[in-house]
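In: pasting the sequence and the predicted coordinates here, then a few questions.
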Amino acid sequence: MYFMNFIPRTVESQVKKYLRPNKVVVILGPRRVGKTVLIQKILSETTEPYLLLNGEDIETRELFRRRSIKSLESILEGKKFLVIDEAQKIPDIGNALKLMVDEIPELKVLITGSSAFDVENYTGEPLTGRKMTFKLFGISEGELSSIEPVVERKDNLHKRLIYGSYPELLQSETNLEKHLYLKELVNSYLLKDILTFETIRNSDKIIDLLRLIAFQVGSEVKIPELSNSLRVSRNTVDKYLDLLTKVFILYKVGGFSRNLRKEVNKSSRYYFLDNGIRNILIGNLNPLDLRNDVGILWENYMVSERIKYQNYNNVLVYNYFWRTYDQQEIDWVEDRGGVLYGYEFKWNSNKKPKAPGAWKNAYPNAKYEVINPENYREWLG
């Protein structure tokens, strides 16, 4: 059994490094991945006086209603370290923080947010050149590697393919507890962010859309088909998908094309940033030996873990899938510094397909590798 308190978070050292006077550090990530725990750990180790506020508290929002430097200074009461959890809930927080870091000498600011859409809107332009943004996800394979006993690794991997990697869920003793946690997570937390937008009136269509996407992981998503199934406009589908990526539920991947007319490059695939969310949405938390979608679970898990790895290691990369109209394809393509890397995900380690002929002909200098349960840990650092 591993516990959140004993799992070092990769971004912790990076956040501490960039906590500098007259700068704002932003931690973005979905709810319940440990943003509050992380800032509490950072605060427990600091020696300087700090002010900790919660943007969801109505009194906190009142404090920032007045925009004069004098009123903003009075909030701090002389402290030079300001921390705001869920800062996106404070209207126009970006301009307030800009004024504070510009006018209050030596002030350091750390904020968190559960919606990229909100936080970037509220802090984006006003804080240009004044902020550094980090993303926090569920516990990563890299973070687990330092604490997970080797003898438990296989069984724990199987559990994460089913239940995902939310920190609190990893502490749950029984499968029933995990089931109830995921159900509550979807209903009470993830949709909470989406439904705060004025244009979203109810959660029914969002849930239906997510379920449709859950059955299409690893396949191109066709907006007209989703539109017909949901009985909403294509623009609405596009808007919902955009929101779902900005609240860190889905990750969008486009098709790669550089040389061939027959390459698919105008469609997209969507992956869930957590396997447990995907599985609870389709109502299937059965163990692997009772499932017919293990390949999909493996592909989704590898993609979500690779995204964590790229973010935590500051990898400059563009991610794609690759497919031709005659059905030659590669699951995952990375363009790093102009060099192409193609990856195929196979749960069965005995299956080691060769790179498609059209890929080798079009991109003879590209790399190619099959990622399976035997070598995935090296791929994820």
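Out: Sure thing, it's come through.
In: wait, Leu63 sits on Ile75?
Out: Yes: counting by CB atoms under 8 Å, Ile75 is a contact partner of Leu63 at 5.2 Å. (Glycine included, C-beta is placed from N, CA and C.)
In: where exactly do the helices run in the stretch 1-150 of the chain?
Out: Taking DSSP state H, counting those that start in this stretch to define them, one finds helices in the stretch 1-150 of the chain at 11-18, 35-45, 58-63, 69-76, 93-103, 116-123, 141-144.
In: just name the shakiest helix or strand of the protein by mean pLDDT.
Out: None of the helices or strands of the chain scores lower by mean pLDDT, DSSP states H and E than helix 116-123, at a mean of 59.
In: could you list the low-pLDDT ranges of this protein?
Out: 1-6, 116-126, 192-193, 196-199, 201-202, 259-260 (pLDDT under 70).
In: residue boundaries of the strands in it?
Out: 23-28, 51-54, 81-85, 108-113, 131-135, 250-255, 268-272, 318-323, 329-336, 339-345, 367-371 (DSSP state E).
In: so what does the third one touch, helix or strand wise?
Out: The contact analysis (3 or more CB pairs under 8 Å, 6 or more residues apart in numbering; DSSP states H and E) places strand 81-85 against helix 35-45, strand 51-54, strand 108-113.
In: can I get those in JSON lines including distance to Tyr181 and mean neighbour count?
Out: Formatted as JSON lines, the helices and strands packed on strand 81-85 follow (distance: least, CB to CB, whole Å; neighbours: other CB atoms under 10 Å):
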{"stretch": "helix 35-45", "distance to Tyr181": "16", "mean neighbour count": "16"}
{"stretch": "strand 51-54", "distance to Tyr181": "22", "mean neighbour count": "16"}
{"stretch": "strand 108-113", "distance to Tyr181": "21", "mean neighbour count": "25"}
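In: and these: which comes nearest Leu273?
Out: helix 35-45 (14.5 Å; CB to CB).
In: who's in contact with the most centrally placed residue in the chain?
Out: The chain has Phe248 as the residue nearest its centroid, 4.5 Å off, counting by CA atoms, centre = their mean. Going by CB atoms under 8 Å, 6 or more residues apart in numbering, Phe248 touches Leu28, Gly29, Pro30, Ser114, Ser115, Ala116, Phe137, Leu273.
In: how close does it sit to Asp85?
Out: Applying CB to CB, to the nearest Å, the value for Phe248 to Asp85 is 16 Å.
In: mind listing what's buried in stretch 267-284?
Out: Under the neighbour-count criterion of 16 or more other CB atoms under 10 Å, stretch 267-284 has 269-281 buried.
In: and it, how far from the chain's centre?
Out: 12 Å (CA atoms, centre = their mean, to the nearest Å).
In: what does stretch 209-226 contact?
Out: Contact with stretch 209-226 is made by 229-230, 234, 237-238, 240-241, 244, 249-250, 255, 264, 267-272, 278-279, 281-282, 295-296, 299-300, 323, 331, as judged by CB under 8 Å, 6+ apart.
In: tell me the contacts of Gly34?
Out: Met4, Arg9, Leu136, Ile139, Pro167.
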